[in-house]
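S.K.: structure here, sequence nowhere to be found:
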């Protein structure tokens with residue numbers, strides 16, 4: 001987030017996408033020499049499954065992103081949504097029939113795994129919109145440029161992101177924390193607080209305190225539900241569980257951002273230069289994101305157990 005402000009300020013905004021190309025190339029070149037060798041085994045790659053799920057999820061996000069512009073009742077919106085449903089249905093059918101599927105469907109019968117993934121989807125759907133609009137408010141209302149806006153956001157961004165790739169912290173044991181999982185309500189409270197931003201506000205009064213509350217709630221809720229998802233799976237399926245939970249979080253982030261952008265636009269965020277209208281639009285998005293976070297808190301409270309019940313021992317994650 002911080003480097004995004006630097007790049008936007010001193011290069012141009014398209015470079016926030018271009019910068020990923022050399023990073024990806026370095027990672028690709030380093031994979032062979034640095035990754036530990038694994039014994040070879042015969043198998044097949046589920047190319048058709050990967051294509052259908054990728055295209056299906058992409059179509060769903062595209063339909064929601066474009067809906068505010070072309071209309072929720074337009075033929076384009078409903079046709080693309082129908083295509084998304086058809087592609088995702090085809091993915092499920094492929095997984096049910098393949099001997100070596102991309103995703104074993106019965107994995108969701110593991111206690112807590114499905115609920116933890118849905119919780120992660122809702123957390124992503126609340127969290128990404130919050131940070132998106134928390135960057136727009138300082139720039140479009142308070143008058144910050146991209147660089148100080150990114151620096152300000154870095155001040156109260158939590159450190160949960162370093163945990164969102166299982167194994168990033170070396171060899172560790174993930175234990176779901178039953179008393180933490182209800183703290184998504186704290187995230188919702190922080191977002192409701194952010195909804196009180198003012199056209200003549202300030203970062204110190206309107207952004208920082210509420211952002212810190214939301215960050216604390218997100219850290220507690222995110223790591224808890226992530227730990228529950230990973231520890232619920234069989235040890236040999238830790239990679240599958242981590243892939244599913246990461247996909248759930250990213251898809252929830254994209255869908256939540258698309259939906260809250262539509263909410264903000266419907267409440268005035270499209271009127272650049274009109275500070276009260278912009279503030280109203282951003283406030284509406286914060287309220288909407290708070291509702292998503294509250295749904296995640298209620299889901300966790302009702303469905304997630306105090307302990308991972310898939311196995312006697314929690315899953316170990318090795319990098």
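M.R.: On my side now, so go ahead. Since we're looking at a predicted model, the values are computed, not measured.
S.K.: least trustworthy helix or strand in the chain by mean pLDDT?
M.R.: Every helix and strand of the chain was ranked by mean pLDDT, DSSP states H and E. The lowest is strand 316-317, at a mean of 42.
S.K.: what ranges does the chain have for its strands?
M.R.: Secondary structure of the chain, counting by DSSP state E: strands at 172-173, 316-317.
S.K.: so what's residue 106 up against?
M.R.: If you count contacts by Cβ atoms under 8 Å, 6 or more residues apart in numbering, residue 106 has none. All C-beta atoms are positioned from the backbone trio N, CA, C, and that covers glycine.
S.K.: how does the chain divide into domains?
M.R.: 45-103, 109-319 (automatic domain parsing).
S.K.: quick check: which of those domains is buried the most?
M.R.: Ranked by mean neighbour count, these are led by domain 109-319 with a mean of 20 (mean count of other Cβ atoms under 10 Å).
S.K.: which residues in the stretch 101-250 of the chain form helices?
M.R.: 113-136, 146-155, 184-194, 208-232, 238-266 (DSSP state H, counting those that start in this stretch).
S.K.: what's the closest non-adjacent residue to residue 49?
M.R.: Among residues not flanking residue 49 along the chain, residue 102 sits closest, at 4.0 Å (Cβ to Cβ, 6 or more residues apart in numbering).
S.K.: isn't the one you found right up against residue 52?
M.R.: No. Residue 102 is beyond contact range of residue 52, at 9.4 Å (criterion: Cβ atoms under 8 Å).
S.K.: ok so, going back, save the helices of the stretch 101-250 of the chain as CSV, and put in distance to residue 46 and mean pLDDT too.
M.R.: As requested, the helices of the stretch 101-250 of the chain are exported to CSV (distance: least, Cβ to Cβ, whole Å; pLDDT from 0 to 100):
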stretch, distance to residue 46, mean pLDDT
helix 113-136, 19, 88
helix 146-155, 39, 69
helix 184-194, 33, 87
helix 208-232, 21, 84
helix 238-266, 12, 88
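S.K.: distance to residue 38 for the ones you listed - can I get that in a markdown table?
M.R.: Putting the helices of the stretch 101-250 of the chain into a markdown table (distance: least, Cβ to Cβ, whole Å) gives the following:
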| stretch | distance to residue 38 |
| --- | --- |
| helix 113-136 | 25 |
| helix 146-155 | 37 |
| helix 184-194 | 37 |
| helix 208-232 | 20 |
| helix 238-266 | 11 |
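S.K.: so for residue 11, which of those helices sits nearest?
M.R.: helix 146-155 (10.3 Å; Cβ to Cβ).
S.K.: between the domains of the chain, which gets nearest to residue 9?
M.R.: domain 109-319 (3.9 Å).
S.K.: and the gap between residue 303 and residue 112?
M.R.: Relative to residue 112, residue 303 is positioned 8 Å away (criterion: Cβ to Cβ, to the nearest Å).
S.K.: ok, now residue 61?
M.R.: In terms of Cβ to Cβ, residue 61 sits 27 Å off from residue 112.
S.K.: what do you get for residue 44?
M.R.: Taken as Cβ to Cβ, the span from residue 44 to residue 112 is 30 Å.
S.K.: likewise for residue 144?
M.R.: From residue 144 to residue 112 the distance is 42 Å (Cβ to Cβ).
S.K.: ditto for residue 23
M.R.: Residue 23 is 34 Å from residue 112, by Cβ to Cβ.
S.K.: for residue 136, same thing?
M.R.: Taken as Cβ to Cβ, the span from residue 136 to residue 112 is 36 Å.
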